[in-house]
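Visitor: mind folding the following:
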Amino acid sequence: MFASLAYLFYKASTEGETPQLKSASQKANAACDEIRAKFTRGLVNQSFSRDKEAGFQNALLEIILERYDGVEGGFWSKAKSFESYAFPTYDGASPKIDVPRSEMEALSRISAKAVAEGKTQETLWKGRREAMISVACPVQSENYVGAVWILARVPYLSGEEFDQLKYFVLALLVFVAVQGVASLWLLYNWAYDLKKLKQAIYEYKIENLSGIEASREPDLQPLVLAFNDMNSRLKSYHDTSAELSRKLSQAERLTLLGRMAAGIAHEIRNPLATIKLKLENVAVRPGDRFSPALPVFLEQIERVDRLIQMLLAMTRPLDLHLKDVELRSWFDQSFPSVFIAAAARGVTISARIEVPSWRFDAFHLGRALENVLHNAIAYAPENSEVKVTMASSGNRLSIEVRDHGPGIPENDRPHLFEPFVTQRVDGTGLGLVLAKEITEAHGGHISEIGNHEGACFRLEIPWPKS
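Guide: Have a look, this model is predicted:
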């Protein structure tokens, strides 16, 4: 509203007599020059015959003056005096087709002067309610000597009336400005209290629930009271939630401990049962049966020891020692047990290494990859191939191990990385768990991306942040 009043005051100051007359003069001269130029071009190009001259003049006047509101005009010649005339923007009930009689003498005089002097003439006549601007532009050629004349009427208020309007708008503008300042002051106070309220909410900590101080603005006090009431209820909910969370965490730990105990008992009971059975057989005929049973004893004891070692490895915190590792030599030298197991099954291991080196803990990541490779060899058909690919994408190293075995059953996929989940007779169900822990300790991720043509595990290791 303030901007609208300011604009109104500006218009009242600028729409006085002088600006209006200046605008009307520019409009009249522009219309006169345009009509003269196009009529002269028609004469030079012989665009019309002498008997069509009046029609061409009328067409020019109607078309051009249509764009100049409140402007009338025509042609004047020494031979015929007033010729064509048009006032296309006239607001009367019927079209105006005659030259204004009261202005004919003045128009004739200014047109004759323009022809005599060979240049545009302009006159101004001021009345009580309007002013009139007359413009005449000379047109001279071999076959025509005359002028284009334009008459622009400018209605205007008197200076006294304009002054009264300006003073009224100015007074209204001052009133609105005072009201605006008062409103701004009120808004400032509101904004200050709202800012304090917002800051209190931003600094609100769930660990230390406390209320907000009362506002100095009465209108904001209900908001503060409502917030403090919500705060009291939230504190009660928070205390209840903390207690439930503690009980849930305890229940989850007990459930996990139960599953771990059951898994460990199962994994240890199987080798112990085998050893017990063999010992019973040896007890019947010690001399004949001890030597064949000895490898079985050692194998089962090694299986229990391997289980215990993996459990211990999972309980120890990983202390990573990152360094630049040359991948080809690391792969060739770090997995002797893997190559022995592969040779025993007639499985070939091929490695395509597209990255010369990467930064990681060679020992721990070697343990992770070793478990994945042993899984692949165990499920790969005899005389088949296990493919290892090492490549990089951006700042991540991707290690893929693909076999041509039966693949991962859909029911087992959600539980792949849980303890004691295995389909291998000689497996512990801890290899993939350990591989996942080591990969994530490097800030990476392990996933199974295979299909019905075999399993494929991908280990993604990011380049360490400096």
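Visitor: and the residue nearest the centre of the protein?
Guide: Against the mean C-alpha coordinate of the chain, by CA atoms, centre = their mean, the closest residue is G394 at 23.8 Å.
Visitor: how near is it to D91?
Guide: Using CB to CB, to the nearest Å, G394 is found at 75 Å from D91. (Each C-beta comes from the backbone N, C-alpha and C, glycine too.)
Visitor: so L65 is in contact with E34, correct?
Guide: No: using CB atoms under 8 Å, L65 makes no contact with E34, being 9.5 Å away.
Visitor: any idea how far the residue nearest to the centre of the chain is from L170?
Guide: As judged by CB to CB, G394 and L170 stand 68 Å apart.
Visitor: equivalent analysis for A441, please.
Guide: In this view, A441 and L170 are 77 Å apart by CB to CB.
Visitor: same check, this time on S447
Guide: Distance, S447 to L170, using CB to CB: 76 Å.
Visitor: neighbour count winner among L65 and E34?
Guide: Between L65 and E34, counted using other CB atoms under 10 Å, L65 has the larger neighbour count: 23 against 18.
Visitor: that one - nearest residue in space that isn't next to it in sequence?
Guide: Leaving aside its chain neighbours, L65 sits nearest to P88 (5.2 Å; criterion: CB to CB, 6 or more residues apart in numbering).
Visitor: strand partners of the one helix or strand G73 maps to, parallel vs antiparallel please.
Guide: Using DSSP states H and E, G73 sits in strand 71-77. Sheet pairing of strand 71-77 (DSSP bridges) gives strand 81-86 (antiparallel), strand 145-155 (antiparallel).
Visitor: avg pLDDT for that strand?
Guide: In this model, strand 71-77 carries a mean pLDDT of 93.
Visitor: again, but for stretch 176-194
Guide: For stretch 176-194, the per-residue pLDDT values average out at 77.
Visitor: how far is it from where the chain is centred?
Guide: Put simply, stretch 176-194 sits 35 Å off its chain's centre (CA atoms, centre = their mean, to the nearest Å).
Visitor: over to stretch 325-344?
Guide: Distance of stretch 325-344 from the chain centroid (CA atoms, centre = their mean) equals 48 Å.
Visitor: check which residues of it are buried.
Guide: The neighbour-count check on stretch 325-344 (16 or more other CB atoms under 10 Å) flags 325, 327, 330-331, 334-335, 338, 341-342 as buried.
Visitor: which SS class is G443?
Guide: At G443 the chain is in coil, as set by DSSP: H, G, I helix; E, B strand; the rest coil.
Visitor: hmm, back to that, of the strands paired with strand 71-77, flag the one that's most buried.
Guide: Among the strands paired with strand 71-77, strand 145-155 has the highest mean neighbour count (mean count of other CB atoms under 10 Å), at a mean of 22.
Visitor: whichever helix or strand comes after it packs against which elements?
Guide: Downstream of strand 145-155, the first helix or strand assigned by DSSP H and E is helix 159-202. Packing contacts for helix 159-202, counted by 3 or more CB pairs under 8 Å, 6 or more residues apart in numbering; DSSP states H and E, involve helix 2-14, helix 221-284.
Visitor: hey, least reliable of those by pLDDT?
Guide: Among these, helix 2-14 carries the lowest mean pLDDT, at a mean of 53.
Visitor: now the helices: where do they sit in the stretch 351-466 of the chain?
Guide: 362-379, 431-441 (DSSP state H, counting those that start in this stretch).
Visitor: determine which of those helices approaches L318 most closely.
Guide: Closest approach to L318 among these is made by helix 431-441 (4.5 Å; CB to CB).
Visitor: strands - which of the buried residues of stretch 325-344 land there?
Guide: Judged by DSSP state E, the subset of the buried residues of stretch 325-344 located in strands is V325.
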